[in-house]
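Asker: The following block contains a protein sequence and its predicted model.
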Amino acid sequence: MDKDRIAGSAKDFTGKVESTVGDMAGDARTQAEGRMREAAGTVQNLYGQAKDAARDATDAAVNYAKDAYENSGDTVRSGQKAVAKTVQENPLGALLVAGGIGFALALLMTRPPRRPPPRWRYYG
């Protein structure tokens, strides 16, 4: 838990107590100060919550990256095994897929570059 959350909750509670005392005493100034302190505490608490959420998200991303790095070799090996098994079970289908991919790449590589649109000029 972030220190801003703790301090914000304390300010919020203090502001509520102060505004209640102002209500009971009928003192508008104490009421207003209590409400201001309560609002400041709420804002500080929300700021602390946002920092906690960012810290948690960062930790989760770091853990995910570590897991992905540690298990990357296993994933590649299992993917290679799956592809090899599929090719062995259906060699004609694999050949057609590979040929289709090669054809698509050849089309993409031999296309002429796109020309920019013509510039229209107004002669008046």
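Answerer: Everything's here; your move.
Asker: tell me the SS of P118?
Answerer: coil (DSSP: H, G, I helix; E, B strand; the rest coil).
Asker: Start from the N-terminal end of this protein and give the helices.
Answerer: Assigned by DSSP state H, the helices in the chain fall at 3-25, 28-70, 72-89, 91-110.
Asker: okay, now S19: neighbour count?
Answerer: Close neighbours of S19, defined as other C-beta atoms under 10 Å, add up to 19. C-betas here are computed from N, CA, C, even on glycine.
Asker: Any figure for the gap between it and R5?
Answerer: 21 Å (C-beta to C-beta, to the nearest Å).
Asker: now swap in D52 and tell me
Answerer: From D52 over to R5 (counting by C-beta to C-beta), the distance is 7 Å.
Asker: Equivalent analysis for G48, please.
Answerer: 3 Å.
Asker: before we move on, the earlier item: neighbour count: D52 and R5, which is higher?
Answerer: Applying other C-beta under 10 Å to D52 and R5 shows that R5 carries more neighbours, namely 18 against 14.
Asker: Next, the contact list for the more buried one, please.
Answerer: 44-45, 48-49, 52 (C-beta atoms under 8 Å, 6 or more residues apart in numbering).
Asker: swap in A25?
Answerer: Counted by C-beta under 8 Å, 6+ apart, A25 has zero contacts.
Asker: ditto for L107
Answerer: L107 neighbours (C-beta under 8 Å, 6+ apart): none.
Asker: ok now do the residue nearest to the spatial centre of the chain, which residues does it touch?
Answerer: With distances taken as C-alpha atoms, centre = their mean, A57 lies nearest the centre of the chain, 7.8 Å away. With contact set as C-beta under 8 Å, 6+ apart, A57 has no partners.
Asker: Can you tell me how far V43 is from K11?
Answerer: For V43 relative to K11 (C-beta to C-beta), the value is 9 Å.
Asker: swap that for A39, please
Answerer: 9 Å.
Asker: So for those two, which residue has more residues nearby?
Answerer: More neighbours surround K11 than the other of A39 and K11, with 20 against 13 (other C-beta under 10 Å).
Asker: List the buried residues in the helix or strand of the chain with the lowest mean pLDDT.
Answerer: Least confident helix or strand of the chain, by mean pLDDT, DSSP states H and E, is helix 72-89 with a mean of 80. By 16 or more other C-beta atoms under 10 Å, helix 72-89 has no buried positions at all.
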